[in-house]
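Trainee: Quick one: sequence plus predicted model below, questions after.
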Amino acid sequence: MYAAVSRSERFAADRPARTSLERSSGSARLSVIRAAGGGRVEEAYQRGALRLRFPRVSGNPVPEAVLINTAGGVTGGDRFDVSATIRDGAAATLTTQAAEKVYRSSGGEAELRVDLRVGAGGRLEWLPQETILFDRGRLRRRLEVDVAESGRILLCEPVVLGRTAHGETVRAGLFRDSWRVRRAGRLVYADEARLGPDIAAAAGGSAVLGANRAFASILLLEPRAEERLSATRAALETTVDVEAGASAWDGMLAVRMAAPGGLALKRAALAALVALGAVVPRVWSI
Amino acid sequence: MSADRLGPSGLYRLMSWLSPAFPIGAFSHSHGLEWAVHDGTVRDAATCRAWIAGILNHGAGWQEGVLLAAAWRTARAGEREELEEIDALALALAPSHERRIETTSQGAAFERTACDAWGTGPGEAVGERAYAVAVAAAAARHGVPLEATLLAYLHAVASNLVSAAIRLVPLGQTDGQLVVAALEAEISALAERAARSTLDDLGGFGFRADIASMKHEEQHVRLFRT
């Protein structure tokens, strides 16, 4: 097992674009039950290229689970599944150890599936680090969420088109992200984002991304989410090099932001998350 | 009336339902354009055309076209439950409070007026209704063909945005019509594609338009509701 991990890590470092023959897959499953002030891990399951780690964070009773992709990125044909269940009254934070790189695909799409469930009075923060889509990378992501009426969930998905710090341009590929968010089983929010196959042509449109190449969507579901709107807008006002808006309705608060590069985006996302009451994972530090 | 051919009565109904005179309050919605004018993104006929083309091809235009097509088919087949599911999805896809208001206020007004004046609609009170789904249901019940309905709907969306731009930028009336004329080929192609789509074809990226609708909520001086 250990040998397999180190081999794939070395492999990923050596060769960014894997061929379709070397597909990887993995799944991680987590459940958290109520414990004093936060939560305790009830079950943690990992398979294939996905690992779950629980770094101790002193003074924080809320468990922080860190997902690690030992394949060092994803490419066409890869398939990853993550599911988390936060039981009644429990709390947890999920994040990823590093930015997820979507390498050039020689065929097919990388598929990521995330299922999140939060029970009554439960709290979950789904705060993965940014996804970096390389030129000709193809990603199909599905996020399914179900939160009890009295539960809280905070979702943030930052995406960067190419390694913007290196001036890399993404011309073609696919970014497709479907969100279905339910409250007590009833669909309350959905998102269908799709860029591609001609990403360069579409992204430059003034109603699309304009000059921006990094973007993030944030969604908060909690009773009285609307009360956080003015603080969130105030936090967004302080950000630099970012176009961002926030809106709240029906026990939800949504933020969209776009920036020329990943760093400005991450700074703005951090500011918004703090205003939304998040304990931002340490791995996020910039 | 055949569902495949647009006869005079189908054309008459589409022209009535998707006319700016149909009382759904379309004139009060700018879909975030008021912010895009404020921040300088839309400042003349060329930038107006680019903004609207982006919304049509990558934003609400395509999304609503796909939803309208799916809703038309289920309404035509009398699949009541599936129609409600499509409506729930259409409502959930609103990216901001104002966009939600935009679709529900027009959807409810459309359904009410179409029901009262044209004997269409469900004949019973519904809660919220997405505008594209309300139009789809009325067209399907009256046997108005899908592709013509899509063309009329997308044209109405685009024309309404042009009319908002005429007031906001401001643009001359002729410049506004130049934009409508310039969008004809794109709207026709979009309607044709949407008619062949399924819900799996949903997906767009009107990200800056979404941000504009959120920023519009905070805009101090404004003419439009959305």
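Mentor: Looks like it came in fine.
Trainee: Where does the residue sitting nearest the centre point of chain B sit: helix, strand or coil?
Mentor: In chain B, the C-alpha nearest the mean C-alpha coordinate belongs to residue B:157, at 4.4 Å (Cα atoms, centre = their mean). At residue B:157, secondary structure determined by DSSP: H, G, I helix; E, B strand; the rest coil is helix.
Trainee: Any idea how many residues pack against the closest residue to it other than its chain neighbours?
Mentor: Spatial nearest neighbour of residue B:157, chain neighbours left out: residue B:61 (6.1 Å); criterion: Cβ to Cβ, 6 or more residues apart in numbering or on different chains. C-beta coordinates here come from the backbone N, C-alpha and C atoms, glycine included. Using other Cβ atoms under 10 Å in any protein chain shown, residue B:61 has 29 neighbouring residues.
Trainee: Show me how far the strand or helix carrying residue B:61 is from its chain's centre.
Mentor: Using DSSP states H and E, residue B:61 sits in helix B:60-76. Taking Cα atoms, centre = their mean, to the nearest Å, one finds helix B:60-76 lying 11 Å from the centre of the chain it belongs to.
Trainee: so where's the chain uncertain?
Mentor: Using chain A here. A:1-22, A:286 (pLDDT under 70).
Trainee: oops, I was thinking of chain B
Mentor: Applying pLDDT under 70 to chain B flags the ranges B:1-4, B:120-126.
Trainee: just the helices in it please.
Mentor: Taking DSSP state H as the criterion, chain B carries its helices at B:8-17, B:33-38, B:45-58, B:60-76, B:80-92, B:97-118, B:131-141, B:146-168, B:173-182, B:184-195, B:207-216.
Trainee: buried residues in the third one?
Mentor: Burial within helix B:45-58, assessed by neighbour count using 16 or more other Cβ atoms under 10 Å in any protein chain shown, is assigned to B:45, B:47-58.
Trainee: near chain B, which residues of chain A show up?
Mentor: Proximity of chain A to chain B, by Cβ under 8 Å from any Cβ of the partner chain, involves residues A:176, A:178, A:180-181, A:186-195, A:202-203, A:205-210, A:212, A:215, A:233, A:243-250, A:254-258.
Trainee: Identify the residue nearest residue A:229 in space, chain neighbours excluded?
Mentor: Residue nearest to residue A:229 in three dimensions, not counting chain neighbours: residue A:248, with 4.3 Å by Cβ to Cβ, 6+ apart.
Trainee: just the CA coordinates of the strand or helix carrying residue A:266, formatted as CSV?
Mentor: Using DSSP H and E, residue A:266 falls within helix A:262-275. Taking Å, rounded to 0.1, in the frame of the first residue of the first chain, the C-alpha atoms of helix A:262-275 are listed here in CSV:
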residue,chain,number,x,y,z
GLY,A,262,-5.6,32.5,-8.2
LEU,A,263,-4.0,34.5,-5.4
ALA,A,264,-6.4,37.5,-5.5
LEU,A,265,-9.3,35.0,-5.7
LYS,A,266,-8.1,33.1,-2.7
ARG,A,267,-7.7,36.2,-0.6
ALA,A,268,-11.2,37.3,-1.5
ALA,A,269,-12.6,33.9,-0.8
LEU,A,270,-10.9,33.9,2.6
ALA,A,271,-12.4,37.3,3.5
ALA,A,272,-15.9,36.1,2.5
LEU,A,273,-15.6,32.8,4.4
VAL,A,274,-14.6,34.6,7.6
ALA,A,275,-17.6,36.9,7.2
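Trainee: ok so, going back, could the buried residues of helix B:45-58 go into a markdown table alongside distance to chain A?
Mentor: Below are these laid out as a markdown table (distance: Cβ to the nearest Cβ, whole Å):
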| residue | distance to chain A |
| --- | --- |
| B:45 | 14 |
| B:47 | 7 |
| B:48 | 10 |
| B:49 | 10 |
| B:50 | 5 |
| B:51 | 5 |
| B:52 | 8 |
| B:53 | 7 |
| B:54 | 3 |
| B:55 | 5 |
| B:56 | 9 |
| B:57 | 8 |
| B:58 | 5 |
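Trainee: and residue A:278, which of the helices of chain B is closest to it?
Mentor: Set against residue A:278 and scored by Cβ to Cβ, these come closest in helix B:207-216, at 19.5 Å.
Trainee: so what secondary structure elements neighbour that closest one?
Mentor: Helix B:207-216 is packed against strand A:243-249, strand A:252-259, helix B:33-38, helix B:45-58, helix B:97-118, with contacts defined by 3 or more Cβ pairs under 8 Å, 6 or more residues apart in numbering or on different chains; DSSP states H and E.
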